[in-house]
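> I would like the atomic coordinates for the input below:
(chains A and B)
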Protein chains: 2
Amino acid sequence: MITILGSTGTIGKNTLSVLKNSEKRGQIFALSANKNIRLLFLQIKVFNPKYAVIMDESDAIKLIDLCKKNSINTKILFGKKSLSFVSSHKKCTCLLSAIVGGAALQPTYDAVKSGKKILLANKESLIMSGKLLLTAAKKSGATLIPVDSEHNAVLQILSSFGVSYNNQTRKYIHNKVKMITLTASGGPFLNFTKKKLEKVTPEQAINHPTWKMGKKISVDSASMMNKGLEVIEAAILFGLKPKQIDVLIHPQSIVHALVKFTDGSVISHMSPHDMRIAISYALSWPERSDISIPDLKKFDLEKLTFQTIKPNQFECLDLCLKALKIGDNAPTILNAANEIAVEKFLQNKIKFIDIPVIIDKALRSIPITKCSTIKSILACDQHTRDYIRNFINIKWK
Amino acid sequence: MITILGSTGTIGKNTLSVLKNSEKRGQIFALSANKNIRLLFLQIKVFNPKYAVIMDESDAIKLIDLCKKNSINTKILFGKKSLSFVSSHKKCTCLLSAIVGGAALQPTYDAVKSGKKILLANKESLIMSGKLLLTAAKKSGATLIPVDSEHNAVLQILSSFGVSYNNQTRKYIHNKVKMITLTASGGPFLNFTKKKLEKVTPEQAINHPTWKMGKKISVDSASMMNKGLEVIEAAILFGLKPKQIDVLIHPQSIVHALVKFTDGSVISHMSPHDMRIAISYALSWPERSDISIPDLKKFDLEKLTFQTIKPNQFECLDLCLKALKIGDNAPTILNAANEIAVEKFLQNKIKFIDIPVIIDKALRSIPITKCSTIKSILACDQHTRDYIRNFINIKWK
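Numbers count the residues shown, from 1 in each chain, chains lettered A, B, ... in the order given. Next comes the predicted model:
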């Protein structure tokens, strides 16, 4: 049975839309939402889960009331600990971790320790606690399946490894994969000079050429931080050395990833812009669903272009590679500093080109340590945020 | 141990160059050549096979003499029956069928009946006797691995099927593959009008924009007959319905095949122009070799373009689809008629645009029958050749 943490978000909604048309429709164990009671209740009515979790007690009381009035026997829980309860419950075999931010770390980790199949849509889980997750997965037999289109594309290409892909894939990659390439659309500032970048406004940064997304991730796409974070995720998930990962600019965003083998073959994955494809694959992995996704847009192969990235072209991407090479808590520091920097840029407090300056400052100032518990990782995250807020307040007063 | 039929041809030489650097170097069971004693003897010296086969007795006598003088204990055989002897010998586990033309049919069929792993580089085997081979493979457990770059690309994409791919792959394709696309460079006459095509000379047809190849296959590339024959091969090998196969013009010849799944994903295979890649994969299948191929050229991803084919754009391609739909001996008739037509075009006896006219004539005139033996297939091939030679002599006197 499946638990979906973050069922009212974009990934959660798309996952439920895929499940609705599949034979797994009746297998929802638990749903969770942060605040959106209305949508959560609608989902409860359709999917009839054993449990639903909401963050606040007051919201839980309203939900219990709604369920009673409609004779629905879903049990309503609230609070962070309930997320861990439903994610690691023995009746749950599969977890979709689609909560945004650090809140996903503990329930995801608990599910990994319990040996579940984990569909990873939460970026922080790998960036901040990737090593912990993989060590725990090795011990428990849990499988980590990426839902992000690029990583899912890599998994689809390497999918010939049967069920225990975590270990077998790593050995295979070590022997037979020369390079994994993630593609990036290049964002709205692809060919901007440094001078032009200085004057970039939040409005321009949010206006992504191919994807309509939230503000934070749009800025991350414009700065290539998003791709850099994906490089870190790929390195952790697939056990890649930094020199085995490459980024190619591909403005059409049709090819999501390419895997180059030592024998000279390159296998690539292409698909229309529709996250249901990756979700559907993740849900059916190691099989492939034989059900056509309805209303899937066609994509145009006519002209695919690719550009290599010049050294120093994207400072945020370079900083991600730096954090990856440093290891330990460096990706946590990088991620936290970037979040604050982007927040301040969106508030017009700093310039676009200040974002990498701030991240670099954090990587140089916060001590690099091994964090071996979720608690210590979250503490490092909080400390970085406080430090960087303070730093910005002083420097950009 | 491996038998290579046609070891002195391009595929044979490339296969030996791949084997030379691999651990299978010492596992050559037999080599065969048509006429090239000198090269065959050099290969015997390097690879020390148990047997070597040459067509004529007089050549065999010379080879025996050479081997004696050099204290080589390879046994020299001659004649067609010896090809079957080495291809179906119980010590041979793997056959590379790389002889050109109908001569490959009997020894390939015999190897299939003996349950070998067959690396197919001979086009006629599938075009003329595909159904026989697959029926025999199903019975004996033989595996047919394509060496042709497009089909090998499809196999690489679908390679997650373990050892018995013939049947499993067919079931998988039936359920989960929407479309298989083979790419074509488009040849030298891609955008020629019918009027311009009328004046095309053999010299122009031989001058292929991307590949340096033999005359016959260059003409087949220019007429798209080569791609059409590949469509027939793919349909037989992978159990595809005609509407599941597509051809896309791709002038850069980097992407060799694309597989579109019902869940919306498209996986493609790319590689430099080097047949050692497909050979190396075929030799190591179902594994992938972890040895880098030396001196492999890099390929340029910068700009990949694709064009769909308009109806009636390539008459020879349409005729191949027609023969595929007719089934039975229609592909044999098509192939034989095309060979004679191309021969006559190269001799300046007919025009380039007469080639499809002649093939169409053959498909309309020669009776369609089920050929259930290699002998009857070869008879149909011979009859078509005689008929078409006669037809051309009368019409283009």
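> going forward, measure contacts and count neighbours with C-alpha atoms only.
Fine.
> where in chain A is pLDDT low?
A:160-168, A:208-212 (pLDDT under 70).
> can you list the residue ranges for strands in it?
Using DSSP state E, the strands of chain A run over residues A:2-5, A:28-33, A:51-54, A:75-78, A:94-97, A:117-120, A:143-146, A:177-184, A:245-249, A:255-261, A:266-270, A:303-305, A:307-308.
> pretty sure A:K215 contacts A:Q204?
No - under the criterion of CA atoms under 8 Å, A:K215 makes no contact with A:Q204, lying 10.8 Å away.
> which one of those two is surrounded by more residues?
Taking neighbours as other CA atoms under 10 Å in any protein chain shown, A:K215 and A:Q204 compare with A:K215 leading, 18 against 14.
> about what we covered before: just send the strands of chain A back as CSV, with mean neighbour count and distance to chain B too.
Compiled in CSV, these are given as follows (neighbours: other CA atoms under 10 Å in any protein chain shown; distance: least, CA to the nearest CA, whole Å):
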stretch, mean neighbour count, distance to chain B
strand A:2-5, 29, 20
strand A:28-33, 26, 22
strand A:51-54, 27, 29
strand A:75-78, 21, 34
strand A:94-97, 27, 19
strand A:117-120, 24, 18
strand A:143-146, 25, 15
strand A:177-184, 23, 8
strand A:245-249, 19, 10
strand A:255-261, 25, 8
strand A:266-270, 25, 5
strand A:303-305, 16, 4
strand A:307-308, 14, 6
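> make CSV out of the ones you listed and add distance to B:S97.
CSV is the format used below for the strands of chain A (distance: least, CA to CA, whole Å):
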stretch, distance to B:S97
strand A:2-5, 50
strand A:28-33, 53
strand A:51-54, 61
strand A:75-78, 66
strand A:94-97, 48
strand A:117-120, 45
strand A:143-146, 41
strand A:177-184, 29
strand A:245-249, 38
strand A:255-261, 26
strand A:266-270, 26
strand A:303-305, 36
strand A:307-308, 41
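> can you pull the contacts of the residue most central in space within chain A?
Nearest to the mean C-alpha position of chain A, by CA atoms, centre = their mean, lies A:K123 at 3.0 Å. If a contact means CA atoms under 8 Å, 6 or more residues apart in numbering or on different chains, then A:K123 has A:V100, A:G101, A:E233 as its contacts.
> correct me if wrong: the last one contacts A:S125.
To tie it back to what came earlier, the one meant is A:E233. No - with contact defined as CA under 8 Å, A:E233 does not count as touching A:S125 (9.1 Å).
> most neighbours of all the contacts of A:K123, which one?
Neighbour counts for those (other CA under 10 Å) peak at A:E233, which has 25 neighbours.
> ok, now which ones touch that residue?
Per CA under 8 Å, 6+ apart, neighbours of A:E233: A:K123, A:L126, A:I127, A:G130.
> how far away is A:F238 from chain B?
Remark: distance between A:F238 and chain B (CA to the nearest CA, to the nearest Å) = 18 Å.
> got the domain ranges for chain A?
With domains defined by automatic domain parsing, chain A comprises A:2-146, A:154-186+A:224-274+A:281-308, A:316-395.
> what does chain A have sitting close to chain B?
Where chain A comes near chain B, counting by CA under 8 Å from any CA of the partner chain, the residues are A:157, A:159-161, A:175-176, A:262-272, A:277, A:280-281, A:288-293, A:296, A:301-307.
> so which of those belong to helices?
A:I157, A:N175, A:K176, A:I277, A:S280, A:Y281 (DSSP state H).
> distance to B:V255 added to those residues, as TSV?
Formatted as TSV, these follow (distance: CA to CA, whole Å):
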residue	distance to B:V255
A:I157	15
A:N175	24
A:K176	20
A:I277	22
A:S280	26
A:Y281	24
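> which one of those is nearest A:A337?
A:I277 (32.0 Å; CA to CA).
> surely the closest one touches B:S265?
Yes - counting by CA under 8 Å, B:S265 is a contact partner of A:I277 at 6.8 Å.
> between these two, which contacts overlap?
What both A:I277 and B:S265 touch, as defined by CA under 8 Å, 6+ apart, is the set A:S271.
> neighbour count: the two, which is higher?
Neighbours per residue (other CA under 10 Å) separate A:I277 from B:S265, with A:I277 holding more: 26 against 21.
> so what's the more buried one up against?
The contact partners of A:I277, by CA under 8 Å, 6+ apart, come to A:S271, A:I293, B:D263, B:G264, B:S265.
> ok, the fourth one touching A:P272?
Yes - counting by CA under 8 Å, B:G264 sits close enough to A:P272 to count as a contact (7.5 Å).
> quick one: common contacting residues for the two?
Counting by CA under 8 Å, 6+ apart, the residues touching both B:G264 and A:P272 are A:L296.
> please identify which of these two sits among more neighbours.
Higher neighbour count among B:G264 and A:P272: B:G264, with 27 against 19, using other CA under 10 Å.
> and the more buried one, how far from A:Q313?
Distance of B:G264 to A:Q313, given as CA to CA, to the nearest Å: 33 Å.
> A:K375: neighbour count?
So A:K375, with other CA under 10 Å, has 12 neighbours.
> got a list of contacts for the longest helix anywhere in chain A?
Scanning chain A for the helix with the most residues, using DSSP H, yields helix A:374-395. For helix A:374-395, the external contacting residues (CA under 8 Å, 6+ apart) are A:102, A:105-106, A:128-129, A:329, A:332-333, A:336-337, A:340-341, A:358, A:362, A:366, A:371.
> by neighbours, which of those residues wins?
Counting by other CA under 10 Å, top hit in the contacts of helix A:374-395: A:I333 with 31 neighbours.
> how about A:F238: what's its closest non-neighbour residue?
Sequence neighbours aside, A:R170 is the residue nearest to A:F238 in space, at 5.9 Å (criterion: CA to CA, 6 or more residues apart in numbering or on different chains).
> what's the answer for A:D274, then?
Going by CA to CA, 6+ apart, A:D274 has A:L296 as its nearest residue, at 7.5 Å.
> hmm, that neighbour is touching B:G264, no?
Yes - assessed by CA under 8 Å, A:L296 is found in contact with B:G264 at 7.3 Å.
> list residues touching both of the two?
A:P272.
> ok, back up a step: could the contacts of A:I277 be laid out in a markdown table, adding distance to A:L321?
A markdown table is the format used below for the contacts of A:I277 (distance: CA to CA, whole Å):
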| residue | distance to A:L321 |
| --- | --- |
| A:S271 | 27 |
| A:I293 | 36 |
| B:D263 | 33 |
| B:G264 | 32 |
| B:S265 | 29 |
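> out of those, the closest to A:C94 would be?
Closest to A:C94, out of all of the contacts of A:I277 and judged by CA to CA, is B:D263, at 20.4 Å.
> can you pull the contacts of the closest one?
A:I277, A:S280, A:Y281, A:R288, A:S289, A:D290, A:I291, A:S292, A:I293, B:K176.
> and which of the residues you listed is nearest A:W396?
A:I277 (43.5 Å).
> tell me how far that closest one lies from A:K351.
Taken as CA to CA, the span from A:I277 to A:K351 is 36 Å.
> what does A:K81 give?
Taken as CA to CA, the span from A:K81 to A:K351 is 39 Å.
> please apply the same query to A:S372.
According to CA to CA, A:S372 and A:K351 sit 35 Å apart.
> neighbour-wise, which of those two wins?
With neighbours defined as other CA under 10 Å, A:S372 and A:K351 compare such that A:K351 has more, 20 against 13.
> count of neighbours near the nearest residue to that one once chain neighbours are set aside?
If the residues on either side of it in the chain are set aside, A:K351 comes closest to A:F345, at 5.9 Å by CA to CA, 6+ apart. A:F345: 21 surrounding residues under other CA under 10 Å.
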